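> need a 3D model of the following:
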Amino acid sequence: MFGKMGIDIGQGWWRQKVGTVNKMQLMEQIGIARSLAMYYGVPGRYGRMRRFYAQFIQPGDLCFDIGAHVGNRLRVWSALGARTVAVEPQPHLMRWLVRLYGRRPHITLVEQAIGATTGTATLHISRRTPTVTTLSPAWMTAVQRDPSFAGVSWDTAVTVPVTTLDVLIGQYGRPAFCKIDVEGYELEVLRGLSQPIPALSFEYIPAAISIAVGGISRLAELGPYEFNYAPGESQRLQTAHWLSATEMLDVLGQIKGESGDVYGRVAVKR
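Sure thing, here's the model as predicted:
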């Protein structure tokens, strides 16, 4: 009797374990499918992005995509003739990047995170919404006050290797353009940079606007940057002329709506 009970309990435990694994895998697949639809399936987005990035990227330029996610920038930048180093620490997303872009000689895929120093860190993954995976517990706490994050949960944590922008530049060269989208770790990424990059972008989120404010201040320390911004995934700069650091900080202080990206470029002497 005890033996049969042991078998029954063992089978029940196994069914529960398999069911949990399958549920997590299903959530992961749904999350990735949502990202693929969001970044590849919106009509007109590819053409708009190509026109937008052409102002920053010329054929033969080197670009860094920090937080490559499912790689829609890689598609656009490849069409512009760029060479790209794409950095993504999420293992399941890297598998997709390898599948989509792993055979392209002008694209280098790096499965690491980027921060202020080299080492390791804990990556908090949301399987259902992988776009909000982050290295920053403080950012997680801050954005949960935003109603748009109400349904988000970070259900997995993995340890990932961390490198810096300075190390990447030492390995591959200085990029003409660098996109940074790392969900609250943008300032740490910029702290790992000790020289100006000609042009770059990083995300801002109103619920955690201090991170973007710190990013502006950090870039101002590195060189004579001027700034602009684009809300959401619009790829449309919002001011006709580029702003000083002080002007951009004023703009960030007034933003109350959706998130977006700050763009910075080294000012050209006239």
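> please name the nearest non-neighbouring residue to A79.
Nearest residue to A79, sequence neighbours excluded (C-beta to C-beta, 6 or more residues apart in numbering): R50, at 5.8 Å. In short, each C-beta sits where N, CA and C put it, glycine included.
> where's the one you found, which helix or strand?
helix 45-53 (DSSP states H and E).
> what angle sits between whichever helix or strand comes after that helix and helix 45-53?
Downstream of helix 45-53, the next assigned helix or strand under DSSP H and E is strand 62-66. Per axes from the mean of the first three to the mean of the last three C-alpha atoms, to 10 degrees, the angle that strand 62-66 makes with helix 45-53 is 120 degrees.
> can you list contacts of strand 62-66?
Under the criterion C-beta atoms under 8 Å, 6 or more residues apart in numbering, residues 57, 71, 73-74, 77, 82-87, 114, 165, 168, 172-182, 189 lie in contact with strand 62-66.
> show me where this protein dips below the pLDDT cut-off.
1-21, 23-24, 31, 35, 269-270 (pLDDT under 70).
> again, only using 80
1-39, 41-42, 148, 150-151, 257, 268-270 (pLDDT under 80).
> can you give me the strands for it?
Remark: strands assigned in the chain by DSSP state E are 62-66, 83-87, 107-110, 113-114, 119-125, 156-163, 177-180, 199-204, 225-231, 260-266.
> out of these, which is closest to A142?
Evaluated over the strands of the chain, closeness to A142 peaks at strand 199-204, with 12.5 Å, by C-beta to C-beta.
> off-centre distance for the closest one?
From the chain centre to the centre of strand 199-204 is a distance of 10 Å (C-alpha atoms, centre = their mean, to the nearest Å).
> got a list of contacts for it?
56, 176-183, 186, 189-190, 211-212, 215, 219, 229, 252, 255, 259-266.
> for Q235, phi and psi?
Taking degrees, to the nearest 10, you get phi 50, psi 40 for the backbone angles of Q235.
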